[in-house]
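Enquirer: Sharing a model prediction with you, sequence too.
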Amino acid sequence: MASTDEDREFNGKSKDAWNVQHIDLVFDSNSDRTMFPNPLSQRPNTPLCWFVDGDDAVAADVQVDTEGVSSEGIKIKAEAFPLAGPRLNIAFDPQKSIAAVVTCGGLCPGLNTVVREIVMCLRRQYGVPTIYGIPFGYRGFQDRPSWIKLDEKKVRNFHNMGGSFLGSSRGGHDTNAIVDALVEAGINLLFVTGGDGTLRGAAKIAEEIQSRGIEIAVAVIPKTIDNDIPLIDRTFGFESAVDAARRAIDVAVTEAQGFPLGLGVVKVMGRHSGFIAMHATLGSRVVDLCLVPEVDFYLDGEGGIVDHLANRLLENGNAIVVIAEGAGQDLMATLGSNGVTKRDASGNIILDDVGPWLIQQLEPRLNEKVKGKTPFNDQIKFKYVDPSYMVRGIPPSTNDNNFCTQLAHNAVHGAMAGMTSFLVASVNTRGCYLPIDLIANKQNVIDTSNQSLWSYVIFDTHQPTFTQQDDCQRRSDSRMTASGGVIIG
Ligand SMILES: Nc1ncnc2c1ncn2[C@@H]1O[C@H](COP(=O)(O)OP(=O)(O)O)[C@@H](O)[C@H]1O
Ligand SMILES: O=P(O)(O)OC[C@H]1O[C@](O)(COP(=O)(O)O)[C@@H](O)[C@@H]1O
Ligand SMILES: [Mg+2]
């Protein structure tokens, strides 16, 4: 709610010290446009404090450089994002609004909950009469007869289902055809849920809408089990995937411990970011080696993984390796791959399968190292577990389910208020709105500099760090900040 400038002071910074990210609006903010009262405010006993004041924002970084504020004035503007939630005045007449919702990219636990809650919030809190579910991702816009009318009854049990009731797809994005379809159907509220590729697609749709001078709000609810979207606390579905990955590690542990010199190898999803591997490793606590795309590793010699695993096998009688699918791709190429880069329909590189490759590399090397060192002269027993889609095609955890509700409702509130080209997220535990452009070409990666979760992986596994002083500098240069992130593509 409204507060004084003094109230807004934060660690010595006045209001002028904040750079609150601007979210585009579907209308010209200088015009005398008639706004509509939020139907929520018309309900008896709705307190005013439920509504977000236009000035409320969420600090992008809660760790403050106190030297950044000098006694003469402000040197550094702190980044902030508009707080999410219902606004008292909204841009669209809900009764005349038509919404569409689409799920794109890889499947993810929680997609159905997001769709359910978008529908529930649009219908129950705003009274929007018509909501279309677009089947099979972006390409579904071009097949109008297949659109599905969604209402409370239809989506009621969605939250218990894995996958996407609407279906999803890779590829098939045609900006002009999508905008034509939106205009033809009279849609003014578009809700898109998907990952980094989907975000880039949504940015193009919003740009085309703006260039045509039409009023359609584009809201994105970021999804991906890989958690590779920068700046935000986490993506929905990530936590559910980590739990499933940890259960796969438990299976590998059981198998590896059941045989002399058992070596469990678990490969989990994560093409550019190893968050699932890292979090599941930490959750398991009995992993001896965790390999992620962010950290290059080598096999032989001092500090290599072969010596480390041989030592662990001889010490404990067994060992566990967790590897993210995107790890070791450069090393595989060096040691010989077919050299052909294959891509999926969205343009994502199809990675070489690192799990079997790693076992193939380790087997002769480790057998050589342990030769004659056990009473029965045992060979290594590899126990390979690839949970594959089992970390993804599952219903969301309770926590993810609740998170999806918060994201979906906030997406609806933002779009109804007339915001566009934004994504809804949690930053420092608060729901807020971020401009798509800020995120679209950046990637969230594990921070491998000292004070991060990665240091606990090194501590827990005793694995080689594969880090030189130069790497620390390189990594700290590319660390996430509100305007930072690792640029991709
Ligand atoms: N640069 C881009 N411009 C327009 N559309 C894109 C772009 N990148 C991806 N898309 C579209 O976004 C959708 C999802 O992308 P994809 O990379 O498969 O999954 P995710 O969104 O989960 O990363 C696909 O329909 C794809 O065609
Ligand atoms: O088999 P698919 O559908 O191409 O998906 C595989 C990829 O999808 C993911 O699960 C998630 O990626 P996206 O978020 O880009 O969809 C990756 O971890 C994995 O590499
Ligand atoms: Mg992606």
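Expert: Nice, thanks for sending it over. Ligands and ions are numbered 1, 2, ... in the order given.
Enquirer: and the residue of the stretch 1-150 of the chain nearest ligand 1?
Expert: When distances are taken as CB to the nearest ligand atom, the stretch 1-150 of the chain reaches nearest to ligand 1 at residue 105, 2.2 Å away. Bear in mind the C-beta positions are built from the backbone N, C-alpha and C, glycine included.
Enquirer: got the contact list for that residue?
Expert: By CB atoms under 8 Å, 6 or more residues apart in numbering, the residues touching residue 105 are 137, 168, 170, 194, 195, 197, 198, 223, 224, 346.
Enquirer: now it: how far from residue 138?
Expert: 9 Å (CB to CB, to the nearest Å).
Enquirer: Show me whatever sits in contact with both of these two.
Expert: residue 198.
Enquirer: circling back: filter the contacts of residue 105 down to the ones in strands?
Expert: residue 194 (DSSP state E).
Enquirer: Would you mind giving the contacts of residue 105 as TSV with distance to ligand 2 added?
Expert: As requested, the contacts of residue 105 are arranged in TSV below (distance: CB to the nearest ligand atom, whole Å):
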residue	distance to ligand 2
137	11
168	8
170	6
194	7
195	3
197	6
198	8
223	7
224	3
346	8
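Enquirer: hmm, stretch 194-209 in reach of ligand 3?
Expert: Yes: under the criterion of CB under 5 Å from the ion, ligand 3 is reached by stretch 194-209 at 195, 196, 197.
Enquirer: The closest residue to residue 285 other than its chain neighbours: neighbouring residues, count only.
Expert: Leaving aside its sequence neighbours, residue 285 sits nearest to residue 460 (CB to CB, 6 or more residues apart in numbering; 6.2 Å). When neighbours are defined as other CB atoms under 10 Å, residue 460 has 16 of them.
Enquirer: With residue 459 instead?
Expert: The number of residues near residue 459, taken as other CB under 10 Å, comes to 10.
Enquirer: The helix or strand where it lies - contacts with which helices or strands?
Expert: Secondary structure from DSSP states H and E places residue 459 in helix 453-461. Counting contacts by 3 or more CB pairs under 8 Å, 6 or more residues apart in numbering; DSSP states H and E, helix 453-461 packs against helix 275-284, strand 289-291.
Enquirer: where does stretch 256-268 sit relative to the chain's centre, distance-wise?
Expert: 30 Å (CA atoms, centre = their mean, to the nearest Å).
Enquirer: In that stretch, which residues are buried?
Expert: 256, 261, 262, 263, 264, 265, 266, 267, 268 (16 or more other CB atoms under 10 Å).
Enquirer: quick one: which two of these are the most distant?
Expert: 261 and 268 (23.4 Å; CB to CB).
Enquirer: Now do the helix holding residue 459 against helix 275-284, angle only.
Expert: 50 degrees (axes from the mean of the first three to the mean of the last three CA atoms, to 10 degrees).
Enquirer: and helix 453-461, how far from the chain's centre?
Expert: Distance, centroid of helix 453-461 to centroid of chain: 22 Å (CA atoms, centre = their mean).
Enquirer: Pull out the buried residues from that helix.
Expert: For helix 453-461, by 16+ other CB under 10 Å, it's 454, 457, 458, 460, 461.
Enquirer: so the last one touches residue 286, yeah?
Expert: No: look at residue 461 against residue 286 with CB atoms under 8 Å: they stay out of range, at 9.3 Å.
Enquirer: got a winner among the contacts of residue 105 for most neighbours?
Expert: That'd be residue 223 among the contacts of residue 105, by other CB under 10 Å, with 30 neighbours.
Enquirer: count of neighbours near the residue in the stretch 51-200 of the chain that ligand 2 sits nearest to?
Expert: Closest residue of the stretch 51-200 of the chain to ligand 2, CB to the nearest ligand atom: residue 106 (2.5 Å). Residue 106 has 23 neighbouring residues, counting by other CB under 10 Å.
Enquirer: For it, give me its contacts.
Expert: Per CB under 8 Å, 6+ apart, neighbours of residue 106: 168, 170, 195, 224, 225, 392.
Enquirer: does the third one really touch residue 223, like I thought?
Expert: If I follow you right, that is residue 195. Yes: in terms of CB under 8 Å, residue 195 counts as a neighbour of residue 223; the distance is 6.0 Å.
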